[in-house]
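**Student:** Coordinates for the following, if possible.
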Amino acid sequence: MMVFYDKYPLAIKNIFLICHGIDMKKPASKLKKQSLSPSRDDLRFKVFLGSVALHSALGTCDRLRTACGIINNKRLRGIGYNGSVSGLAHCDQDGHLMVDNHCIRTRHGEVNAITNTDRKDIRDGQAIVIATPCLDCAKDLAEEGIRRIDYVGSYENSLGKQHLAELAKQKGIELINHQVDWADFFQELFDLLTQKGGVLKNAGYSLKVTKESLPENPS
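**Tutor:** Numbers count the residues shown, from 1 in each chain. So this is what the prediction gives:
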């Protein structure tokens, strides 16, 4: 902690501050803060996205297994995936509950993410969504104060998706669609884990992702 006494002339105090990189012409509240490099922020987003993508494997509707993660203050605050109300049958147990070509058996990942996250951590936060959020889920996120929605890939049967951009504009939400090559995405993360101190490095092996096309109409 720096302490100055009145016996020191102002000029000497200013020289001391300048030597320590502090500009006295700037208000204290506006002094430049040191921040992590953009590459670190990019890595953090990729790790959070990878976690949300893996959680989508828990989804119980095979029309679309999806998930949503809530980020605030550089922390992943909560995650939800699509599944039925607790205690009720899931799509993978009793089949789909269809209305107008939409399965309505499950709660969507965004709704469950909101349920699983403290409200204070949602406001002014960011949502990562696997596939296109439906309009109702986007409204729920907007109502909770989300300021940015990153959604990965697309889902053509997303209800009301044609109105997403207008909702985001009206609510001042940044809406970003990402197209991800998942093979390259996970390979990059696996490669990082083979570096010094990484879990794969400690295990003594590396992992290589192989991308193979799936049949258009798998049984």
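**Student:** alpha carbons only for contacts and neighbour counts from here, please
**Tutor:** Noted.
**Student:** Skipping its backbone neighbours, what lies nearest R44 in space?
**Tutor:** Leaving aside its chain neighbours, R44 sits nearest to K74 (7.8 Å; criterion: C-alpha to C-alpha, 6 or more residues apart in numbering).
**Student:** residues of the longest helix along the chain that come out buried?
**Tutor:** Longest helix in the chain by number of residues (criterion: DSSP state H): helix 38-55. Buried residues in helix 38-55, defined by neighbour count with 16 or more other C-alpha atoms under 10 Å: F45, K46, F48, L49, S51, V52, A53, H55.
**Student:** same deal with stretch 185-192?
**Tutor:** Across stretch 185-192, burial judged by 16+ other C-alpha under 10 Å covers F186, F190, L192.
**Student:** Mind putting those residues into a markdown table with pLDDT?
**Tutor:** Shown next, in a markdown table, are those (pLDDT from 0 to 100):
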| residue | pLDDT |
| --- | --- |
| F186 | 98 |
| F190 | 98 |
| L192 | 97 |
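**Student:** nearest to E174, of those residues?
**Tutor:** When those are ranked by distance to E174 (C-alpha to C-alpha), F186 comes first, at 25.6 Å.
**Student:** so who does the residue nearest to A165 when sequence neighbours are not counted touch?
**Tutor:** Leaving aside its chain neighbours, A165 sits nearest to L175 (7.2 Å; criterion: C-alpha to C-alpha, 6+ apart). Contacts for L175 (C-alpha atoms under 8 Å, 6 or more residues apart in numbering) come out as R148, I149, D150, Y151, A165, A168.
**Student:** Can you check my assumption that L76 lies in a strand?
**Tutor:** Yes - using DSSP: H, G, I helix; E, B strand; the rest coil, the assignment for L76 is a strand.
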